[in-house]
Structures are given as structure tokens and as C-alpha cells.
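A.B. asks: requesting a structural model of the entry that follows:
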Amino acid sequence: MLMNPQNLPDRVQEVRERVATAVASAGRSVDSVTLLAVGKGQPAATLRAAAALGLTQFGESYVQEGLAKMAQLRDLPLTWHFIGRLQANKTRPVAESFSWVHGVERLKIAQRLSEQRPYHAPPLNVCLQVNIAGEQSKGGAGPDELPGLAAAVAELPRLRLRGLMCLPPEETDPARQRHWFAALRALRDSLNQGGAALDTLSMGMSGDFESAILEGATLIRIGTALFGPRN
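C.D. replies: Coordinates of the predicted model:
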């Protein structure tokens, strides 16, 4: 665990430069990509230092860890995303405290989030997780299940269906990386042609975010490249 790494400013600047290069290659603008800082395993002090460098969007994978950091950083204007695998018995604190949920893969989870979202809060932004390569070790709806799931989630009253998310196979070849991201983009485009209004592709992490940006990512989830490896 890295406590306030001295090289954090350099890391943040390097990631921003890599994003700028990728969006230029894609003919896109820098503001078309949201940098989500993944704080899993990092102390609140490190996230506070990242916020001082201009980062405002933070992702957490574990409910209790995320809630503790929210409490410590409540004085900052941050947006919190839950990006882990969400169990049914953990939906209430997520619905009550987070602004985004990226890993919705079942209608039951979405229904619970909708029922438990406070009425005084804005709708909870939701991305459906797609198991883009059919890997048994990973969660997510299959591409064939997606249209029905998207239609059902879009009808839930306290949620706003924003887009799709994936965790593709780890690939080192950029062409293979782009293959999976292109597949998710195609699914998004197909849903939109059917009447959905999805504006978010949550895809790309430290090892492949350039490829994701080239295929249309609007939100990249970056941990290691910003904060270094976790213990």
C-alpha cells in the first residue's frame, strides 16, 4: 500500500499525456474521456493527494472500504463509482452512497438498487457489465442476454442506464485489445439503434486504455498507472 507516493504528480501527468495522445490518434477531444481513478487498496490520504492534482472521479471495488474513504473525504467535491462485483446483500449502501455502479449484470441487482436509491438523491447511473469473451471466471451478462436486460433496467424508476462495461481478457497485442473493445462498442451501438440512449463505454485499464480509447471508450478505470502496484 502506497502512502502519498512522492511520484504521484508525475504519474498523473504521464497518464494524462497518454490519454491526450490516444484521443488525438482517435480524432477525439480530451474531454470525451473521463479518467476514473481506481483507489482499491489505497488509503484516503493518497486519494486526497490525487484530488489536489485535479482528479474528481474515484472508483472503489469493495463497499466498506469505499464508504470509509467517502467519510474521510466528504469535504471534497468527488464523484464515487462502485466498480466491483456487487452482491445482493450489499446493494443498499451502494444505492445510498455512490453515484455510479459499473458492474450490474442481473436484473435482480438492478431492481434492488432502484428500490433502495433514496428519493432525495438523483437517479443512480448504471452500466451493465458484459462478459464480452464468455469467460467463466468473470461476471457479466452474455451478449445475447443484453437486449432484454437493458430494456428491463431502463424501465426502473430510480436508475439511469448510461452504458456498458467490460473486463476483457488480458491481451498484450494492441490489435487483440481493440478486438474486445470494438465488440463492446458494437453492442452499445446496436442497443442505441434499437432505441436505447447509452452514452457511456466503461472500458480500458492501466494496461490497455489506449486501445480502449481508440475504440470509443468514454470512461477508463485506472489504478496501477496512477498509484503504482498494490501489495
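
A.B. asks: what kind of secondary structure is residue 121 in?
C.D. replies: Following DSSP: H, G, I helix; E, B strand; the rest coil, we place residue 121 in the coil state.

A.B. asks: okay, now it: neighbour count?
C.D. replies: 13 (other C-beta atoms under 10 Å). Heads up, the C-betas are built off the backbone N, CA and C, glycines and all.

A.B. asks: any idea how far it is from residue 114?
C.D. replies: 12 Å (C-beta to C-beta, to the nearest Å).

A.B. asks: for residue 170, same thing?
C.D. replies: 33 Å.

A.B. asks: the more surrounded of those two?
C.D. replies: In terms of neighbours (other C-beta under 10 Å), residue 114 is the more surrounded of residue 170 and residue 114; the figures are 19 against 10.

A.B. asks: longest single helix anywhere in the chain?
C.D. replies: For the chain, the helix that runs over the most residues, judged by DSSP state H, is helix 174-193.

A.B. asks: same for that one, what does it pack against?
C.D. replies: Contact here means 3 or more C-beta pairs under 8 Å, 6 or more residues apart in numbering; DSSP states H and E; on that basis helix 174-193 packs against helix 146-154, strand 159-166, strand 200-202, helix 209-214.

A.B. asks: ok, 6 Å please
C.D. replies: Packing partners of helix 174-193 (3 or more C-beta pairs under 6 Å, 6 or more residues apart in numbering; DSSP states H and E): strand 159-166, helix 209-214.

A.B. asks: looking at stretch 128-135 now, give me its mean pLDDT.
C.D. replies: Average pLDDT, stretch 128-135: 97.

A.B. asks: run the chain-centre distance for it.
C.D. replies: How far stretch 128-135 lies from its chain's middle: 14 Å, per C-alpha atoms, centre = their mean, to the nearest Å.
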